[in-house]
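J.: Could you work out the structure for the sequence below:
(one chain, ligands or ions: 1)
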Amino acid sequence: MPQEIRTITLHGRLYAVNCYLAKGDAGHVLIDTGLSTRRVELARALDSAGCGPGDLRLIVITHGDADHAGNAAYLRGTYGARIAMHRAEWQAVERGNMLLSRGRMRFLRRTVGGLLFRFAGLHTPDRFEPDLHFEDGDDLSGHGLDARVLHLPGHSQGSIGVLTADGDLFCGDLLTNLGEAKPNSLVDDPADLEASLDRLRNLEIRTVYPGHGQPFPMELLRMGPA
Ligand SMILES: [Zn+2]
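T.: Okay, here's the model as predicted:
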């Protein structure tokens, strides 16, 4: 990982979420923001990285789940950053319902599972309308980061990753490393997930930085299941 990117791991009661802070030419770029319950820790980490109000220019949210988007609205309000997401995730963060970024899983809506999803969604003050629509191939160099956006559906319809010119991939929740580096078992569309993985296997990726768990070499996935 280039020196200027640092991992901020926010530990919750049940699990931990990673945010990644990059220092670009034009200010800082933050990839994902963690749960709102860890706001103080996040602000402290930004502060110790020298990123105060006015320094944070862009927030990239890999997907609209509350553990990644939980502090986006707060950071925009306090730091003045703009928020970028894939269009297919906007409804989920505008309305605080993670099923709205899902196609196949929407059938859960009228079930207990659907209720759980609602319960785990963004609370009203943390809901927001993003500022920028990111899609596949978008270049981040205008935001001071030598990287591009990859649309990687599977976990949700508008999941995106950020791939730097150095071969570092910030993959959101497409892949996780909780005991083992592997595709996320929480899948909206298995065919989409498979297609996203196939695509990654053919790209120049060195290290994967997941939303949950430690970074791992992409080589682990290229080898496929043992
Ligand atoms: Zn997550």
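
J.: nearest residue to the residue positioned nearest the centre of the chain other than its sequence neighbours?
T.: In the chain, the centroid-proximal residue (CA atoms, centre = their mean) is T62; its distance is 2.8 Å. Take T62 and drop its neighbours on the chain: the residue closest to it by CB to CB, 6 or more residues apart in numbering is G172, 2.8 Å away. For the C-beta atoms, the positions are set from N, CA and C on the backbone; glycine is no exception.

J.: So what's the residue count around the one you found?
T.: The number of residues packed near G172 is 30, by other CB atoms under 10 Å.

J.: and if you look at R222?
T.: Counted with other CB under 10 Å, residues neighbouring R222 total 11.

J.: next one: phi and psi at it?
T.: Taking degrees, to the nearest 10, you get phi -60, psi -30 for the backbone angles of R222.

J.: ditto for G24
T.: phi -100, psi -180.

J.: ok, it touching L145?
T.: Yes. Using CB atoms under 8 Å, G24 is in contact with L145, at 4.5 Å.

J.: who's more crowded, these two?
T.: Taking other CB under 10 Å, G24 and L145 do not tie; L145 has more neighbours (26 against 19).

J.: Next, the contact list for the more buried one, please.
T.: L145 makes contact with A22, G24, V29, V162, T164, according to CB atoms under 8 Å, 6 or more residues apart in numbering.

J.: how close does it get to the ion?
T.: Remark: distance between L145 and the ion (CB to the ion, to the nearest Å) = 22 Å.

J.: D67 too?
T.: Using CB to the ion, one obtains 4 Å as the distance from D67 to the ion.

J.: What's the local residue count around that residue?
T.: So D67, with other CB under 10 Å, has 24 neighbours.

J.: could you dump whichever helix in the chain runs longest to PDB, C-alpha only?
T.: Secondary structure of the chain per DSSP state H: the longest helix is helix 190-201. Output of helix 190-201 as PDB, limited to C-alpha atoms (Å, rounded to 0.1, in the frame of the first residue of the first chain):
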ATOM      1  CA  PRO A 190     -24.700 -15.000  -7.100                       C
ATOM      2  CA  ALA A 191     -24.300 -14.600 -10.800                       C
ATOM      3  CA  ASP A 192     -23.300 -11.000 -10.500                       C
ATOM      4  CA  LEU A 193     -20.800 -11.900  -7.700                       C
ATOM      5  CA  GLU A 194     -19.200 -14.600  -9.900                       C
ATOM      6  CA  ALA A 195     -18.900 -12.200 -12.800                       C
ATOM      7  CA  SER A 196     -17.300  -9.500 -10.500                       C
ATOM      8  CA  LEU A 197     -14.800 -12.100  -9.200                       C
ATOM      9  CA  ASP A 198     -13.900 -13.300 -12.700                       C
ATOM     10  CA  ARG A 199     -13.300  -9.700 -13.700                       C
ATOM     11  CA  LEU A 200     -11.000  -9.200 -10.700                       C
ATOM     12  CA  ARG A 201      -9.000 -12.300 -11.500                       C
END
